[in-house]
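Visitor: Just a sequence and a predicted model for now, questions to come.
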Amino acid sequence: MNLFRKLFGAANTTDRPSLQEVDAATVREWHKRGECLLIDIREDREFRAERIPGACPAPLSRLEQSLPASPPSKKAVFLCQSGGRTRMQAGRLASCGMGEAYVLKGGMTSWKANGFPVERS
């Protein structure tokens, strides 16, 4: 696969892979069962301030350099604060070679609104 295409998705938006949005309750269940890898694309200061326990930081500004290796048996779930950045970057995220990948619908905002655990510095 062409390196540019792998990093930034296809030039034609109709060729761009898309990521399915998944709700916070489903992600919580996957996470509790060890079925997913949570990848937080918010920037360092946001991640340090609060994060989902066990989430891996992969700031959007350095995404390709900081992506964790995703075991083939695990789903990759990307998240940001409200879901906007992950939706806008879905083609780029899906092109990162993470296998089965999803977006946390509503991001951290949805996670917290459901009362799910958050770590704070």
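Guide: Perfect, I can see it now.

Visitor: Pull the number of nearby residues for the closest residue in space to G107 that isn't next to it in sequence.
Guide: Nearest residue to G107, sequence neighbours excluded (Cβ to Cβ, 6 or more residues apart in numbering): G83, at 4.3 Å. In this view, the C-beta of every residue, glycine as well, is placed from N, C-alpha and C. Here the number of neighbours of G83 (other Cβ atoms under 10 Å) works out to 19.

Visitor: Same check on the one 10 residues further on?
Guide: L93 has 27 neighbouring residues, counting by other Cβ under 10 Å.

Visitor: Assumed it was part of a helix.
Guide: Yes. Counting by DSSP: H, G, I helix; E, B strand; the rest coil, L93 falls inside a helix.

Visitor: got the contact list for it?
Guide: Applying Cβ atoms under 8 Å, 6 or more residues apart in numbering, we find L93 in contact with L19, I41, L63, F78, T86, A101, V103.

Visitor: redo that, cut-off 6 Å
Guide: Contact partners of L93, counting by Cβ atoms under 6 Å, 6 or more residues apart in numbering, are F78.

Visitor: Per-residue pLDDT of it, please?
Guide: L93 carries a pLDDT score of 83 in this model.

Visitor: F47: what's its closest spatial neighbour, skipping adjacent residues?
Guide: Per Cβ to Cβ, 6+ apart, closest to F47 is P57, 4.6 Å.
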